[in-house]
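Student: Fold the following for me, if possible:
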Amino acid sequence: LLDGKEPAKKADASAGRFVVQVGAFSDVARAREARLKLEHAGLKTYTQVAETKDGSRIRVRVGPFADKAEADKAAQKIKKLDLPASVLTL
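Tutor: Residues are numbered from 1 along each chain as shown. Predicted structure coming up:
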C-alpha cells in the first residue's frame, strides 16, 4: 500500500477477457478506415495480424473488456456505426 490506495481486489479469471471483433481485413486501407470510424466514436481499438489459408488478415478489435456486459454494450454501439461486431472471449 505504498500509494495509500485500497489494495486491488482479486479479479476473477475471466476479467479483461472479452473483446469485440469488427472485422478481419486483407486490405490495410479498409482496416484503417474501420479503426478511424471506431475511434471517432470514442472506442479504443487495436489490430492483430492473423495468418489464414487465404493469406494475412488484419483483425480490427475493440477492448479488452472486464466482463461480457461491457463488451455487449460496445458491440451495440459498433453496430449503430453500420459495422459488424462479434463478442469474443480470449
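Student: A74: neighbour count?
Tutor: If you count neighbours by other C-beta atoms under 10 Å, A74 ends up with 23. C-beta coordinates here come from the backbone N, C-alpha and C atoms, glycine included.
Student: what about it, which helix or strand?
Tutor: Using DSSP states H and E, the element containing A74 is helix 68-79.
Student: can you pull out the strands in the protein?
Tutor: 18-25, 45-52, 55-65, 86-89 (DSSP state E).
Student: Okay, angle between the longest one and strand 45-52 too, please.
Tutor: Computed by axes from the mean of the first three to the mean of the last three C-alpha atoms, to 10 degrees, the angle separating strand 55-65 from strand 45-52 equals 140 degrees.
Student: Tabulate the CA atom coordinates of the helix holding A74 in PDB.
Tutor: Once side chains and other backbone atoms are set aside, the C-alpha atoms of helix 68-79 remain, and they are given as PDB (Å, rounded to 0.1, in the frame of the first residue of the first chain):
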ATOM      1  CA  LYS A  68     -19.300  -9.600 -21.200                       C
ATOM      2  CA  ALA A  69     -21.900  -6.900 -20.400                       C
ATOM      3  CA  GLU A  70     -19.400  -4.200 -21.200                       C
ATOM      4  CA  ALA A  71     -18.400  -6.000 -24.500                       C
ATOM      5  CA  ASP A  72     -22.100  -6.400 -25.500                       C
ATOM      6  CA  LYS A  73     -22.600  -2.700 -24.800                       C
ATOM      7  CA  ALA A  74     -19.700  -1.800 -27.100                       C
ATOM      8  CA  ALA A  75     -21.000  -4.200 -29.700                       C
ATOM      9  CA  GLN A  76     -24.300  -2.400 -29.800                       C
ATOM     10  CA  LYS A  77     -22.500   0.900 -30.300                       C
ATOM     11  CA  ILE A  78     -20.400  -0.500 -33.100                       C
ATOM     12  CA  LYS A  79     -23.500  -1.900 -34.900                       C
END
